[in-house]
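**Student:** make a model of this:
(one chain, ligands or ions: 2)
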Amino acid sequence: MEEFIKEIPKAELHLHIEGTFEPELMFEIASRNDIDLDYKNIEELKKAYNFSNLQEFLDIYYAGCNVLINEADFYDMTMAYLKKAKEQNILHTEIMFDPQTHTDRGISFETVINGIHKALADAEAKLGITSKLIMSFLRHLPEKAAFETLEQAKPFKKWIDAVGLDSSELGHPPSKFERVFQKAKEEGYLVVAHAGEEGPPEYITEALELLQVDRIDHGNRSLEDINVVNNLVERKMALTVCPLSNLKLQVVKDLKKHPLKKMLDKGLFVTINSDDPAYFSGYLNENYIEIQKALDLSKENIIQLADNSFKASFLSETEKNKMLEKLKEFTN
Ligand code: ADE
Ligand code: ZN
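**Tutor:** Ligands and ions are numbered 1, 2, ... in the order given. Below is the predicted model:
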């Protein structure tokens, strides 16, 4: 089964590029930028990766970003992930980046997006991995700041496919961002939002009804309200579920208690993703492998999850069909 999971062609749809920043590369970039980290060495840093909730993780994740200064830093971080993705038989990836994490430190929007975009373009040319880019607004900041970010993105719009909503969920409902999402939609962006990771099912309803999202990131807590489940099923709304993230952030106490199988059984359109793999001890294949073992998922479940990953992507129908064809060839 492990070999089957490693080799099956798949797409990744929920991945924060800043969450792929491995300690080894972090120390290397800190050194070349002459920045001191709060930790003496890699071992000490890794010891801090022990989180009891989302906020504890976010504090460390944002601190790690402080060493990213130059375009080359963003390029190297992005390319390291894309090489990993290639090894894991990921044909297509849709990555999020958090511009405000960098612009608030005085790094220009242009520096950030140039580095990420160049890596995505090189990976397509040299590794054959296709991608989409999602610009996420930090929900702990005011809506006004998200409007400013949307404005800064204008010259680079051709490189950005969607906008998203991430960071501290509790106390920052989707309704706080209704106007900026409406503007983003008017400008032609697709939209996604984290909802129902730590936040209640009402946040999922707000993301659907007020933000008019094209996909929900996480959505685990939909199971607490049958009306929300029915609404998601009726809309065939994709959910990007992240098992190891849920375990490490204590959204679930044990992978055996993870809701993924229940979600599949209820007809929800779920996909598996890695979220912040450098912090949660596993990239996409490790997420598939661990959840398969914990929930005793069948080969058919795995094929369905890979199939969902392409169908829930923002690729064109033609591109989706090409990748689904590769999946079929592999499973036949
Ligand atoms: N930013 C990076 N990872 C995140 C997560 N799992 N939830 C919310 N914001 C995030
Ligand atoms: Zn996420």
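
**Student:** any residue of stretch 175-190 touching ligand 1?
**Tutor:** No - against ligand 1, stretch 175-190 shows no contacts by C-beta under 6 Å from any ligand atom, the least distance being 13.7 Å. Every C-beta, even on glycine, is put in place using the N, C-alpha and C of the backbone.

**Student:** tell me which parts of the stretch 51-200 of the chain are close to ligand 1?
**Tutor:** So the stretch 51-200 of the chain meets ligand 1 at L54, Y61, D166, S167, H194, E197 (C-beta under 6 Å from any ligand atom).

**Student:** so the third one touches M96, yeah?
**Tutor:** Yes - contact between D166 and M96 holds when scored by C-beta atoms under 8 Å: they sit 6.7 Å apart.

**Student:** apart from its chain neighbours, what residue comes closest to the closest residue to ligand 1 within the stretch 101-250 of the chain?
**Tutor:** Taking C-beta to the nearest ligand atom, ligand 1 has its nearest neighbour within the stretch 101-250 of the chain at D166, 3.5 Å off. Sequence neighbours aside, S136 is the residue nearest to D166 in space, at 4.5 Å (criterion: C-beta to C-beta, 6 or more residues apart in numbering).

**Student:** the one you found against L165, yeah?
**Tutor:** Yes - between S136 and L165 there is a contact under C-beta under 8 Å: 6.4 Å.

**Student:** and the next element down the chain from the longest helix along the chain?
**Tutor:** Of all the segments of type helix in the chain, defined by DSSP state H, the longest one is helix 71-87. Going down the chain from helix 71-87, the next helix or strand is strand 90-97, by DSSP states H and E.

**Student:** note down every partner strand of that following strand and its orientation.
**Tutor:** strand 10-16 (parallel), strand 130-138 (parallel) (DSSP bridges).

**Student:** quick one, which of those gets closest to Y279.
**Tutor:** strand 10-16 (9.5 Å; C-beta to C-beta).

**Student:** same question for that closest one, mean pLDDT?
**Tutor:** On average, the pLDDT along strand 10-16 is 98.

**Student:** output it as CSV, nothing but the C-alphas.
**Tutor:** Extracted in CSV, the C-alpha atoms of strand 10-16 (Å, rounded to 0.1, in the frame of the first residue of the first chain):
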residue,chain,number,x,y,z
LYS,A,10,-1.8,13.3,-7.3
ALA,A,11,-2.3,17.0,-6.9
GLU,A,12,-1.8,19.1,-3.8
LEU,A,13,-4.3,21.9,-3.1
HIS,A,14,-3.5,23.2,0.3
LEU,A,15,0.1,24.1,0.9
HIS,A,16,1.5,27.3,2.5
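
**Student:** out of everything not next to it in sequence, what's closest to L327?
**Tutor:** Per C-beta to C-beta, 6+ apart, closest to L327 is P9, 5.2 Å.

**Student:** and the one you found, how far is that from ligand 1?
**Tutor:** 25 Å (C-beta to the nearest ligand atom, to the nearest Å).

**Student:** quick check: phi and psi on that residue?
**Tutor:** Here is the backbone geometry of P9 (degrees, to the nearest 10): phi -70, psi 140.

**Student:** OK, contacts around it?
**Tutor:** Contacts for P9 (C-beta atoms under 8 Å, 6 or more residues apart in numbering) come out as N89, L91, A306, M323, K326, L327, F330.

**Student:** mind listing the shared neighbours of D166 and M96?
**Tutor:** H16, S136.

**Student:** ok so, going back, most neighbours, which of the contacts of P9?
**Tutor:** For the contacts of P9, neighbours were counted using other C-beta atoms under 10 Å, and A306 has the most, 25 neighbours in all.

**Student:** got the phi and psi for it?
**Tutor:** Main-chain torsions, A306, degrees, to the nearest 10: phi -70, psi -40.
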